[in-house]
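Asker: fold the following for me, if possible:
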Amino acid sequence: MAKKRVLTENEEFQIMKLVLDKFLWIGTFFLGFGLFQVVMGSLRTGLWLIATGGALMLVFAWVIIKQFELVR
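Answerer: Residues are numbered from 1 along each chain as shown. All right, here's what the predicted structure looks like:
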């Protein structure tokens, strides 16, 4: 049976950064596209997209804080 590789703390952190970075980009996209929608005249749709982007950013921040608390 093959032995499983154990990751170092640095390797785990680098993988976590890669995954969570995608949430950051998605949240930024929603914020930017929502702002574009507001400027183009669709206020309700734009505000929903901005709220969605903000929620993604809050989830991102929460996950980062939890991960750092687990490391300590």
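Asker: can you map out the helices along this structure?
Answerer: Taking DSSP state H as the criterion, the chain contains helices spanning 9-40, 43-71.
Asker: so which of those helices is nearest residue 3?
Answerer: In terms of Cβ to Cβ, the element of the helices of the chain nearest to residue 3 is helix 9-40, at 16.4 Å. C-beta here means a position set from N, CA and C on the backbone, and glycine is covered the same way.
Asker: the inter-axis angle of the closest one versus helix 43-71?
Answerer: Here the directions of helix 9-40 and helix 43-71 differ by 170 degrees (axes from the mean of the first three to the mean of the last three Cα atoms, to 10 degrees).
Asker: helices and strands around helix 9-40, which ones?
Answerer: Counting contacts by 3 or more Cβ pairs under 8 Å, 6 or more residues apart in numbering; DSSP states H and E, helix 9-40 packs against helix 43-71.
Asker: for the helix it packs on, give the mean pLDDT please.
Answerer: In this model, helix 43-71 has an average pLDDT of 86.
Asker: please apply the same query to stretch 7-21.
Answerer: Stretch 7-21 comes out with an average pLDDT of 81.
Asker: next, the buried residues of it.
Answerer: Buried residues in stretch 7-21, counted by 16 or more other Cβ atoms under 10 Å: none are found.
Asker: list the contacts of that stretch.
Answerer: The set of residues external to stretch 7-21 that reach it, using Cβ atoms under 8 Å, 6 or more residues apart in numbering, is 60, 63, 64, 67, 71.
Asker: scan those residues and report the most crowded one.
Answerer: With neighbours defined as other Cβ atoms under 10 Å, the most crowded of the contacts of stretch 7-21 is residue 60; it has 17 neighbours.
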